[in-house]
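In: generate a structure from the sequence data that follows.
(one chain, ligands or ions: 1)
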Amino acid sequence: MLPRLLLLAFLCLGASLGCRADDGYRLWLKYDELPEASLRKAWQDRARGIVVEGNATPTLQTAAHELQLGLQGLLGRSVPVGAAPGGKGRIRLRVAPDPTLGREGYRISSQKNGLEITGPTDAAVLYGCFALLRQVQTGQRPEQLSLSSQPRIEYRLLNHWDNPNGTVERGYAGSSIWKWLELPDRLDPRYQDYARANASIGINGVVLNNVNASARYLTAEYLQKVAALAGVMRPYGIRVYLSVFWAAPKVIGGLPTSDPLDPKVAQWWKAKTDEIYKAIPDFGGFLVKANSEGEPGPQDYGRNHADGANMLATALGTHDGVVMWRAFVYKANSKGDRFKEAFEEFQPLDGKFSPKVLVQVKNGPIDFQAREPFHPLFGAMPRTPLVLEVQLTQEYLGFATHLVYLGPLIKECLDADTHSQGPGSTVAKVVDGTLEKHSISGIAGVANIGSDRNWTGHPVGQANWYAYGRLAWDHTLSSAAIAEEWTKMTLTREPQALASILPVLNQSRDVYVRYTTPLGLHHIMGQSIHYGPEPWLEKSARPDWTSVYYHKADAEGLGFDRTARGSNALSLYAPGARQVWSNPATCPPDYLLWFHHVGWGQQLSTGRTLWDELTTRYYTGADSVLWMQRQWEQARPALDAELHADVAARLRIQHREALWWRDACVLYFQTYAKRPIPPTLTPPTRPLAEVKELVDLYQLR
Ligand code: GCW
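Out: Below you'll find the model as predicted:
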């Protein structure tokens, strides 16, 4: 009896001291009471209650409820929601036409009697409510508050690579959050929390299933399940989409073909689409991976991507939906340079797609590497709206073990200048439709979300979900500003701790590049698993799944010659963009080996030879993880103990694995370079053979 009582006493004490362990479930929507009394008071005076004006749609009610939930937590007192116009200190929510705000933009203004949040649609007001909460959470003061913002991109989607059996392709945070066996009868409360988190950063669409799609999602049984999820998402302004399996007419439709130009196939898709819209009137549309990595597609019938996409667009008819057709393709028997293949297949189709089609392009030409040049299709298909696809799940970026904040990676791509219409033709302007004057625009993030209690496995993975949403809304935000926002909302606002944590976030991606793929190396990771180093990989099912295909190390030097003397992939870029990379003497070191085969003894712009620079980067990269550990340690007093320990432990693994990458790559490339490790660095103590064994261990071969 006594031990139980003692435990109870401890628990009560713990609760009263507010030292509840932070399991990360609440993401950036923490809403713990503001510690500063004066700040609390200032907001309390302006937030005595919430008033919903006009027709209280489900989304407006949700907006009011979310605002109430947040404010009550942050201000430590009740904030009632009332329908009637109230007195002093009220926050009024109102849908009001405003041509300057687009469809989803909001305005927050201070009024004599409190605050007002307006927008042309109820979803806009919902975004305004979350924006107001962000102000409070990040410690802003309410006096003279005046804010307005509207999204620059229309379709802001998460893509889930989730399978019907609950697995997640390239997912590192547990299993899928969608419980297909329970749907539609049981709605996991997590669905709503997921919707809330997305709405808080402006995400307005969710592709529920993997692009390597199962036809099952299109069956009547599954559409009921999808409809149930759509019902949870709807009040949060989020529409659901499905990835479709191209051969569905054959597999579930009983037709002998899936040829897009066969009238029966077109009719099948039309009827299926009508059936979907009957169940889900605000269904968003289809995402398609076709004729890629073994998936079926229109080319199986001698048709092209436009034939396939346009047939689906016709099936959508007057329904308010779109087709997002992926350009992630590379030929089954590649003899050339994989870098060029998507371009060669898609660029000639520019102008051939119907107006409801967007072509979805990964940020880089290979595959979500830690650093890639922007995809050459951006700027090269001016008559087609292009969706930018980025990966939040860290397939090639250390899974959920390595701390890598992806804001800088996404931003680097958005800010890249395609020069397609002269200087300043950034990828961001291509994607948001302003450069080429498209009326629709989209962006997609491959989700890093799973059933782990903290959603993303690595606690800092949450920052990648957050940063993606914020950049999808406004690509002009800086990644550092977003990191600061996220940290303040999620971890701490204590200035010293911020000063320790923020440099870690902001530099983490560069650190990762240094100890894995410095100077423009790419695709030298463990086969299939895409984890750990395997630069020696020379045999695989296809040459472009090996490492040697990409690094091309030999006695002379290292790197893939993509100039006119080599694969000439550089010619796919507009002259202005190409020029920066064409000359090895002026090519920024970060991109050097993407485009050039450089001699080991060649002096680089950094003043070192290629070999010395390469080894130095591997060493400084690995050492920087120790710096990350020290910085993290300094922030400890301000952080939740459980969360701090979790990240600290992951940083220890990260350092061990950074050394693994360093030793593997330095020792392996040394067999070609035949040069000593520079005298300032301590040579690895283990032989290459020992390091190679680690890969076998990880891959369970
Ligand atoms: O990066 C590769 C992944 C595949 C993925 C594919 C794609 C969904 O290794 O797992 O399949 O890209 O983007 O289609």
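
In: mind checking what helix or strand follows the strand or helix carrying R134 in sequence?
Out: Here R134 sits within helix 122-137, counting by DSSP states H and E. The C-terminal neighbour of helix 122-137 among helices and strands, as given by DSSP H and E, is strand 146-149.

In: mind listing what's buried in that following strand?
Out: For strand 146-149, the neighbour count (16 or more other C-beta atoms under 10 Å) marks 147-149 as buried. Where C-beta positions appear, they are placed from N, C-alpha and C, glycine not excepted.

In: looking at those residues, spot the one nearest A480.
Out: S149 (18.5 Å; C-beta to C-beta).

In: thinking that closest one is in contact with Y106, fair?
Out: Yes - using C-beta atoms under 8 Å, S149 makes contact with Y106 at a distance of 6.5 Å.

In: which neighbours do these two share?
Out: 127, 131 (C-beta atoms under 8 Å, 6 or more residues apart in numbering).

In: quick one: neighbours of the residue nearest to A648 when sequence neighbours are not counted, just the number.
Out: In this structure, A648 finds its nearest non-sequential neighbour in W632, 5.9 Å apart by C-beta to C-beta, 6 or more residues apart in numbering. Residues near W632, counting by other C-beta atoms under 10 Å, number 21.

In: enumerate every residue touching W632.
Out: 500-501, 504, 644, 647-648, 651.

In: list buried residues within these.
Out: The buried subset of the contacts of W632 (16+ other C-beta under 10 Å) comprises 500-501, 504, 644, 647, 651.

In: pretty sure the residue nearest to A648 is in a helix, no?
Out: Yes - under DSSP: H, G, I helix; E, B strand; the rest coil, W632 sits within a helix.

In: quick check, pLDDT for whatever residue of the stretch 451-600 of the chain ends up closest to the ligand.
Out: Per C-beta to the nearest ligand atom, H530 is where the stretch 451-600 of the chain lies closest to the ligand, at 6.3 Å. pLDDT recorded at H530 is 96.

In: quick check, it in contact with Y396.
Out: Yes - under the criterion of C-beta under 8 Å, H530 makes contact with Y396 at 5.4 Å.

In: name the residue in these two with the higher neighbour count.
Out: Shown here are H530 and Y396; by other C-beta under 10 Å, Y396 has more neighbours (23 against 17).

In: would you map the strands across the stretch 251-400 of the chain?
Out: Secondary structure of the stretch 251-400 of the chain (DSSP state E, counting those that start in this stretch): strands located at 285-288, 322-326, 357-362, 386-391.

In: any chance of the ones you listed in JSON lines, with distance to the ligand, mean pLDDT and mean neighbour count too?
Out: JSON lines is the format used below for the strands of the stretch 251-400 of the chain (distance: least, C-beta to the nearest ligand atom, whole Å; pLDDT from 0 to 100; neighbours: other C-beta atoms under 10 Å):
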{"stretch": "strand 285-288", "distance to the ligand": "11", "mean pLDDT": "98", "mean neighbour count": "28"}
{"stretch": "strand 322-326", "distance to the ligand": "7", "mean pLDDT": "99", "mean neighbour count": "26"}
{"stretch": "strand 357-362", "distance to the ligand": "7", "mean pLDDT": "99", "mean neighbour count": "26"}
{"stretch": "strand 386-391", "distance to the ligand": "7", "mean pLDDT": "99", "mean neighbour count": "26"}
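
In: need those in a markdown table (columns: distance to G89).
Out: Converted to a markdown table, the strands of the stretch 251-400 of the chain look like this (distance: least, C-beta to C-beta, whole Å):
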| stretch | distance to G89 |
| --- | --- |
| strand 285-288 | 43 |
| strand 322-326 | 43 |
| strand 357-362 | 45 |
| strand 386-391 | 42 |
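
In: any regions of the chain where pLDDT drops low?
Out: 1-20, 83-86, 333-334, 700-701 (pLDDT under 70).

In: the domain parsing of it - what is it?
Out: 4-149, 155-490, 513-699 (automatic domain parsing).

In: out of those domains, which gets nearest to Q496?
Out: domain 513-699 (7.2 Å).

In: which one of the contacts of W632 is nearest to P142?
Out: So of the contacts of W632, ranked by how close each gets to P142 (C-beta to C-beta), first place is I501, at 26.3 Å.

In: the closest one against A635, yeah?
Out: Yes - with contacts defined as C-beta under 8 Å, I501 counts as touching A635 at a distance of 5.1 Å.

In: how many neighbours does the residue in the stretch 551-700 of the chain positioned nearest to the ligand have?
Out: Taking C-beta to the nearest ligand atom as the measure, the stretch 551-700 of the chain has Q699 as its residue closest to the ligand, at 14.4 Å. Using other C-beta under 10 Å, the number of residues around Q699 comes to 14.

In: again with K179
Out: 16.

In: same question for the one 4 residues further on.
Out: Neighbour count of L183, defined by other C-beta under 10 Å: 19.

In: need the contact list for the residue nearest to it when sequence neighbours are not counted.
Out: Residue nearest to L183 in three dimensions, not counting chain neighbours: K225, with 3.7 Å by C-beta to C-beta, 6+ apart. Listed by C-beta under 8 Å, 6+ apart, the contact set of K225 reads 180, 183-184.

In: same question, V288
Out: Applying C-beta under 8 Å, 6+ apart, the residues near V288 are 211, 243-244, 246, 297, 308-309, 312, 323-326.

In: please report how far G422 lies from P575.
Out: 11 Å (C-beta to C-beta, to the nearest Å).

In: go on, Q267?
Out: Taking C-beta to C-beta, one finds Q267 at 47 Å from P575.

In: of these two, which one has the most company?
Out: A direct count of neighbours by other C-beta under 10 Å for Q267 and P575 places Q267 higher, at 14 against 9.

In: list the contacts of the more buried one.
Out: Here Q267 is in contact with no residue (C-beta under 8 Å, 6+ apart).

In: rewinding a little: mutual contacts of I501 and A635, please.
Out: With C-beta under 8 Å, 6+ apart, I501 and A635 have common neighbours 491-492.

In: returning to that earlier point: which one of the strands of the stretch 251-400 of the chain lies closest to A553?
Out: Per C-beta to C-beta, nearest to A553 of those: strand 357-362, 25.7 Å.

In: with just CA atoms, put that closest one into CSV.
Out: The C-alpha atoms that make up strand 357-362 are tabulated as CSV, following Å, rounded to 0.1, in the frame of the first residue of the first chain:
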residue,chain,number,x,y,z
VAL,A,357,-3.1,18.5,-65.1
LEU,A,358,-0.1,19.4,-63.1
VAL,A,359,3.2,17.6,-63.5
GLN,A,360,4.9,16.8,-60.3
VAL,A,361,8.7,17.1,-60.3
LYS,A,362,11.2,16.2,-57.5
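
In: now intersect the contacts of W632 with the helices, please.
Out: 500-501, 504, 644, 647-648, 651 (DSSP state H).

In: from these, which is closest to P281?
Out: Nearest to P281 among the ones in helices among the contacts of W632, with distances taken as C-beta to C-beta, is V647, at 43.5 Å.

In: ok, now which ones touch the residue lying closest to the closest one once chain neighbours are set aside?
Out: Closest residue to V647 apart from its sequence neighbours, by C-beta to C-beta, 6+ apart: P459 at 5.7 Å. The contact partners of P459, by C-beta under 8 Å, 6+ apart, come to 24, 643, 646-647.

In: with distance to the ligand as added columns, please give those residues in a markdown table.
Out: As requested, the contacts of P459 are exported to a markdown table (distance: C-beta to the nearest ligand atom, whole Å):
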| residue | distance to the ligand |
| --- | --- |
| G24 | 26 |
| L643 | 30 |
| D646 | 27 |
| V647 | 26 |
